[in-house]
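> My questions concern the predicted model and sequence given below.
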Amino acid sequence: MWLPVLGLIIGVILGLFTDIKVSEEYANYLSIAVLAGLDTLFGGIRAQLQNIYDEKVFVSGFFFNIVLAASLAFLGVHLGVDLYLAAVFAFGVRLFQNIAVIRRILLTKWTVNKEKTEKN
Amino acid sequence: MKNVDKKKKNFSFTLIAVVIGFMIAIQFRTVKEPEVRDTRDTWQLRDDILKENELQLKLIREVQSHEAKIAQYETELKHSKEQVLRDTLEELKVEAGLTEVTGYGIILSIEPVMEDLLIGKTVSNVSPDLLKRLVNELNMYEASHIAIDNQRLINTTVIRDINNETKIDGHSIKKLPFEILVIAEDAKGAEKLYNRMQVSKSADEFFVDNLRVKVIKPEGRITIPAYQNSIRIRDMKPVDPEKGGNS
């Protein structure tokens, strides 16, 4: 479980140390992509905890969500409607749901463990 | 089997985590330019202003001292012997004809007589004697600078015939018509020169050689080019201070 966290840290460090900067116009797309990535990550964690994790779904979801969000933002810019807000909303809601599910699962696990130790 | 599956799962999870981390970092760098907040209070600000004022004062003083130095150098330069020598050299250069000169003057255009050409007479070159006479006449009427066919005339200029070609210091006059530029002392002198050249005798002598002298008075100033060749001085030597100069 610690490996993905390490990966996240490595990624952050890599990003901070390389001198890459995205221009202002593309910051929107990147923010949407980041949101999609986070959503996928938490979805993956939740799936693993629920034992329904499928690698294909996870990897394809990651890329597909990012592309979809970016294209939605792109379309929004060209239509003059802030369509990227829809993506932000959708991903935000899902993020909250996922985190809530993870929290509940962890809570139940923790209580079960506690009961087990008390019984022993 | 399960172990391998888990490893693979972990690997892809890590990879995607790295990608997401990278993206987050870049987004962070893009959006949040680390801004330095100004947290100084009034007294600190006052101190800083004082410091800056002092710096400004110092810089102004420096500029002043430099300017004073420049002025000093300039006055020194003006009164120095070197500048006098330079000025003299410049004056002499102008006098010798080594510089371009602009001023009021007249233009003499020497051209073949068209009527004679129609009869079938060939117009030979302008003879050096005629040119010399014309130059003498111009000098008599107080011309300051003369150029014949854009060749500047100086004190040592020779006008002579070499193999039936009229040459002025090596510059041959082959084509007709050509122009003689003359600059007088000032606008008044130019006017005088113009009037005198209108009734000049040498114009008649040019006409004998089937050439016509047209006197043109330009509106503005005219420019005479500098002497292009180097001036050779054969029979002059600097005075030896040991032997001469005792007077």
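Arrived safely.
> Residue B:172 should be in a helix, yeah?
No. When the secondary structure is assigned by DSSP: H, G, I helix; E, B strand; the rest coil, residue B:172 falls in strand instead of a helix.
> interface residues of chain B facing chain A?
If contacts are counted using CB under 8 Å from any CB of the partner chain, the residues of chain B sitting beside chain A are B:8-10, B:12-31. Any C-beta I mention is one placed from the backbone N, CA and C, and that applies to glycine too.
> The same query, at a cut-off of 10 Å, please.
Taking CB under 10 Å from any CB of the partner chain as the criterion, chain B approaches chain A at residues B:5, B:7-31, B:33.
> Need the buried ones from those selected in ChimeraX.
In ChimeraX, selecting the buried portion of the residues of chain B next to chain A, with burial taken from 16 or more other CB atoms under 10 Å in any protein chain shown, looks like this:
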select /B:9,10,12,13,14,16,17,18,19,20,21,22,23,24,25,26,27,29,30
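> Helices - which of the residues of chain B next to chain A land there?
Using DSSP state H, B:5, B:7-31 are the members of the residues of chain B next to chain A that sit in helices.
> Let's check: the centremost residue of chain B is which one?
The geometric centre of chain B, computed from its C-alpha atoms, lies nearest to residue B:100 (CA atoms, centre = their mean), at 9.2 Å.
> Would you check that my belief about that one contacting residue B:222 is correct?
No. Taking CB atoms under 10 Å as the contact criterion, residue B:100 and residue B:222 are not neighbours in contact, 11.1 Å apart.
> can you list residues touching both of those two?
For the pair residue B:100 and residue B:222, residues contacting each of them under the criterion CB atoms under 10 Å, 6 or more residues apart in numbering or on different chains are residue B:145.
> Which pLDDT does the model give the residue nearest to the centre of chain B?
Per-residue confidence (pLDDT) for residue B:100: 87.
> which non-adjacent residue is nearest it?
The spatially closest residue to residue B:100, leaving aside those adjacent along the chain, is residue B:226, at 4.9 Å (CB to CB, 6 or more residues apart in numbering or on different chains).
> was I right about that neighbour contacting residue B:102?
No. Here residue B:226 does not reach residue B:102: they are 11.4 Å apart, not a contact under CB under 10 Å.
> Kindly list the longest helix within the chain.
In the absence of a named chain, this looks at chain A. For chain A, assigning by DSSP H, the longest helix comes out as helix A:84-119.
> looking at chain B here, not the other one
helix B:42-79.
> Remind me what it packs against, helices and strands.
Using 3 or more CB pairs under 10 Å, 6 or more residues apart in numbering or on different chains; DSSP states H and E as the contact criterion, the secondary-structure elements in contact with helix B:42-79 are helix B:81-96.
> The helix it packs on versus helix B:42-79: what angle between them?
60 degrees (axes from the mean of the first three to the mean of the last three CA atoms, to 10 degrees).
> for the chain, which spans come out with low pLDDT?
I'll assume chain A. Across chain A, residues meeting the criterion (pLDDT under 70) sit at A:1.
> I was after chain B.
By pLDDT under 70, the weakly predicted segments of chain B are B:1-6, B:32-36, B:116-118, B:120-124, B:241-247.
> Output stretch B:172-192 as CSV, nothing but the C-alphas.
As requested, the backbone C-alpha atoms of stretch B:172-192 are provided in CSV (Å, rounded to 0.1, in the frame of the first residue of the first chain):
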residue,chain,number,x,y,z
SER,B,172,41.7,62.9,-67.5
ILE,B,173,38.8,64.8,-68.9
LYS,B,174,37.5,62.8,-71.8
LYS,B,175,33.8,63.5,-71.8
LEU,B,176,32.0,66.6,-72.7
PRO,B,177,30.1,68.3,-71.2
PHE,B,178,31.6,68.5,-67.7
GLU,B,179,31.1,70.9,-64.8
ILE,B,180,33.4,73.2,-62.9
LEU,B,181,32.3,73.8,-59.4
VAL,B,182,33.4,77.0,-57.8
ILE,B,183,32.8,78.1,-54.2
ALA,B,184,33.2,81.7,-53.2
GLU,B,185,33.8,83.3,-49.8
ASP,B,186,30.1,83.8,-49.1
ALA,B,187,26.7,84.3,-50.8
LYS,B,188,27.7,87.9,-51.8
GLY,B,189,31.0,86.7,-53.2
ALA,B,190,29.1,84.1,-55.2
GLU,B,191,26.9,86.7,-56.6
LYS,B,192,29.9,88.8,-57.6
